[in-house]
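Enquirer: what's the 3D shape of this:
(chains A and B)
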2 protein chains.
Amino acid sequence: MAGFLGYVFSHFQSTANTTKMAGQTNGLEKRNKYLENSKEDFLYHFGFGVATLDLPKVFGDTKFVCTGGSPGRFKLYAEWFAKECNIPCSENLSKSDRFVIYKTGPVCWINHGMGTPSLSIMLIEALKLMHHAKAENVTFIRLGTSGGVGVEPGTVVVTTEAMNAELSDKHIQVIAGKRIERPTQLDENLRLELCELAALKNIPVVTGKTMCADDFYEGQMRLDGYFCDYKEEDKFAFLEKLYNLGVRNIEMESTCFASFTHRAGHRSAIVCVTLLNRMNGDQVKIEKEKYVEYEERPFRLVTALIRKQLAI
Amino acid sequence: MAGFLGYVFSHFQSTANTTKMAGQTNGLEKRNKYLENSKEDFLYHFGFGVATLDLPKVFGDTKFVCTGGSPGRFKLYAEWFAKECNIPCSENLSKSDRFVIYKTGPVCWINHGMGTPSLSIMLIEALKLMHHAKAENVTFIRLGTSGGVGVEPGTVVVTTEAMNAELSDKHIQVIAGKRIERPTQLDENLRLELCELAALKNIPVVTGKTMCADDFYEGQMRLDGYFCDYKEEDKFAFLEKLYNLGVRNIEMESTCFASFTHRAGHRSAIVCVTLLNRMNGDQVKIEKEKYVEYEERPFRLVTALIRKQLAI
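Expert: As a prediction, this is how the structure comes out:
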């Protein structure tokens, strides 16, 4: 029921420019009532909790949570950002080996692994972290890599909506054995601002839907997996269908990211660079130097936005 | 269609003691025909491929692939095994930061991250790796942690079948926008042998179904997530229902692991220790020392089996 009501309500809110407090519910859902009474909440996959770390002191000033799959890339992003802004970069604050967490002033860098289940664990614990830390007005941005659909490698896709593997713009959860579908919209103003900034910085950008697949091979109709029960023409028909539905890239986290951040009342955006055009192949075949430059693009774009918004 | 035929066929095969070659199809599915012609197959998330590493030389002797979520735990497991068997432990053979890969003689240790999407990437690339390396008779074993359903913390659950979040014993994939369901059975003889060995080694063991959830919080009806639209009594009703369906633990990878290994014709087993009894709580609250001892149990059991079978 919450999912359905959430969808109806959010439909009318979708283009409104709302600024919400991180600690506030957004009218769609009440935050977990069990959480309010917890004095010992332990964020298991971060390896620390309310009772083991002064969360308001360490995380209370957070204004942006930047996230993406790879732990190594997020360490690098944090270090680059610290250097550019001439502010210190924390050590890895995570006390578990499941995720890495770096902090550079008001920006948190947390990796999320691959796929919506891994992302969902990170996001729930990051939302709880922001709540316990009493951080306000926190924006969540996913900076990722993806496969392009009809766009040139190196293009940065800023997502309008996330589409699931069943080709609807919903995040599907199964709770107590029942399917619940929730909307996957992202902040309209943030998206437009990112697109404008990309143009200013000469970063090739498109905006469109992002398909969220549940696996890298069959779910994305790759021909180079271990299993492949479909034919090459089925793959191209599928990619063509996606393109006609407005999809410009495929990754594995967008529906959950959009749904959870929206449901929690946080502004959010998804900014992914494409490493190949799936219309032309399945394997990533780019020179190391070009690969590194492509990986930098979401970082350059998102940090331009952060520095502008925070005036740092 | 393949899923349906696979299920019917495998139903009659489920208790047969079949020994299959890693390079052979098992009658259920033809291996990917596109793979046969590939001289450049690059295992993107391992960071190496056919053209960059002598795969038969490094991986050709593999007889067991042991896998589980945490990279740190799998490094430790590999080091322990090497020490126990007095054989060398390789460095981390992965050239990407997505997974770690260690090799100790005929045993490969690869972590898979959290959730079926992350696992599916690792498994597909591990299956391709075993194929390219010409490894034969490879057994796959998942050694994990889990939440117990009506069993004491520290109990090792050896899985009979994996059940999905919709409560059917199937792995659900969405390919080209269509749902495909495949069986999640595991090797019966391997399971019984593991249970016998556990008794011999005084490791508390039960055998039953494992539920595979798509997230850690709402999907497992935890009350301590950021969102919680259900009540405490709904949680207990759900856990009770799972128990009555034969479920003894909950984790996040079993359906995909069982389905992919079965479909590829490899013997496989899932051996997870429970870190808590979900009937009594949601947070893992055990002393560090006990935690380490619990984490060792799947390792002690699985390596006893490996050393017995390989006579090392």
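
Enquirer: For A:M21, give me the pLDDT.
Expert: Looking at A:M21, its pLDDT reads 35.

Enquirer: isn't A:W109 right up against A:K103?
Expert: Yes: using C-beta atoms under 8 Å, A:W109 is in contact with A:K103, at 7.4 Å. Every C-beta, even on glycine, is put in place using the N, C-alpha and C of the backbone.

Enquirer: what about these two, which has more around it?
Expert: Of the pair A:W109 and A:K103, A:W109 is the one with more neighbours under other C-beta atoms under 10 Å in any protein chain shown, namely 29 against 22.

Enquirer: and that one, what helix or strand is that in?
Expert: Per DSSP states H and E: A:W109 is located in strand A:107-111.

Enquirer: tell me the mean pLDDT over that strand?
Expert: The pLDDT scores in strand A:107-111 average 98.

Enquirer: who does that strand pair up with?
Expert: Using DSSP bridges, the strands paired with strand A:107-111 are strand A:64-68 (parallel), strand A:101-104 (antiparallel).

Enquirer: got TSV for those, with distance to A:I270 too?
Expert: Below are the strands paired with strand A:107-111 laid out as TSV (distance: least, C-beta to C-beta, whole Å):
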stretch	distance to A:I270
strand A:64-68	10
strand A:101-104	20
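
Enquirer: Reformat these as JSON lines; add mean pLDDT.
Expert: Converted to JSON lines, the strands paired with strand A:107-111 look like this (pLDDT from 0 to 100):
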{"stretch": "strand A:64-68", "mean pLDDT": "98"}
{"stretch": "strand A:101-104", "mean pLDDT": "98"}
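
Enquirer: of all the ones you listed, which lies closest to A:I121?
Expert: strand A:64-68 (12.0 Å; C-beta to C-beta).

Enquirer: how far does that closest one sit from the chain's center?
Expert: 7 Å (C-alpha atoms, centre = their mean, to the nearest Å).

Enquirer: Go through the helix or strand that it is followed by and flag the buried ones.
Expert: Downstream of strand A:64-68, the first helix or strand assigned by DSSP H and E is helix A:71-85. Within helix A:71-85, the residues that count as buried by 16 or more other C-beta atoms under 10 Å in any protein chain shown are A:P71, A:R73, A:F74, A:K75, A:L76, A:Y77, A:A78, A:W80, A:F81, A:A82, A:C85.

Enquirer: residues contacting the first one?
Expert: The contact partners of A:P71, by C-beta atoms under 8 Å, 6 or more residues apart in numbering or on different chains, come to A:F99, A:V100, A:N111, B:D97.

Enquirer: List the buried residues in the strand holding A:W109.
Expert: Of the residues in strand A:107-111, A:V107, A:C108, A:W109, A:I110, A:N111 count as buried by neighbour count, 16+ other C-beta under 10 Å.

Enquirer: from those residues, which single one is nearest chain B?
Expert: A:N111 (9.1 Å; C-beta to the nearest C-beta).

Enquirer: Between A:W109 and A:K103, which contacts overlap?
Expert: A:A78.

Enquirer: Need the contact partners of the strand or helix carrying A:V58.
Expert: If you go by DSSP H and E, A:V58 is part of helix A:55-59. Identification of contacts with helix A:55-59 by C-beta under 8 Å, 6+ apart yields A:L93, A:K103, A:C108, A:L129, A:M130, A:H132, A:A133, A:K134, A:A135.

Enquirer: and the strand holding A:W109, how far out from the chain's middle?
Expert: Offset of strand A:107-111 from its chain centre (C-alpha atoms, centre = their mean): 11 Å.

Enquirer: Quick check: buried residues in stretch A:176-185?
Expert: Those buried within stretch A:176-185 under the rule 16+ other C-beta under 10 Å are A:A176, A:I180, A:E181, A:R182, A:P183, A:T184, A:Q185.

Enquirer: and that stretch, how far apart are its ends?
Expert: 25 Å (C-alpha to C-alpha, to the nearest Å).

Enquirer: Looking at the buried residues of helix A:71-85, which one is closest to chain B?
Expert: The closest of the buried residues of helix A:71-85, once distances to chain B are taken by C-beta to the nearest C-beta, is A:P71, at 5.6 Å.

Enquirer: could you show me where the helices are in the stretch 201-312 of chain A, in order?
Expert: Here the stretch 201-312 of chain A has its helices, by DSSP state H, counting those that start in this stretch, at A:232-244, A:254-264, A:288-310.

Enquirer: what residues does the stretch 1-150 of chain A put near chain B?
Expert: Counting by C-beta under 8 Å from any C-beta of the partner chain, the stretch 1-150 of chain A comes close to chain B at A:1-2, A:29, A:31-35, A:38, A:40-42, A:44-45, A:69-73, A:97-98, A:113-118, A:120-121, A:124, A:127-128, A:131.

Enquirer: Now, these that are in strands?
Expert: Among those, the residues falling in strands (DSSP state E) are A:F42.

Enquirer: Narrow the residues of the stretch 1-150 of chain A next to chain B to those that are buried.
Expert: Among the residues of the stretch 1-150 of chain A next to chain B, those buried by neighbour count (16+ other C-beta under 10 Å) are A:2, A:29, A:31-32, A:34-35, A:38, A:41-42, A:44-45, A:69-71, A:73, A:97-98, A:113-118, A:120-121, A:124, A:127-128, A:131.
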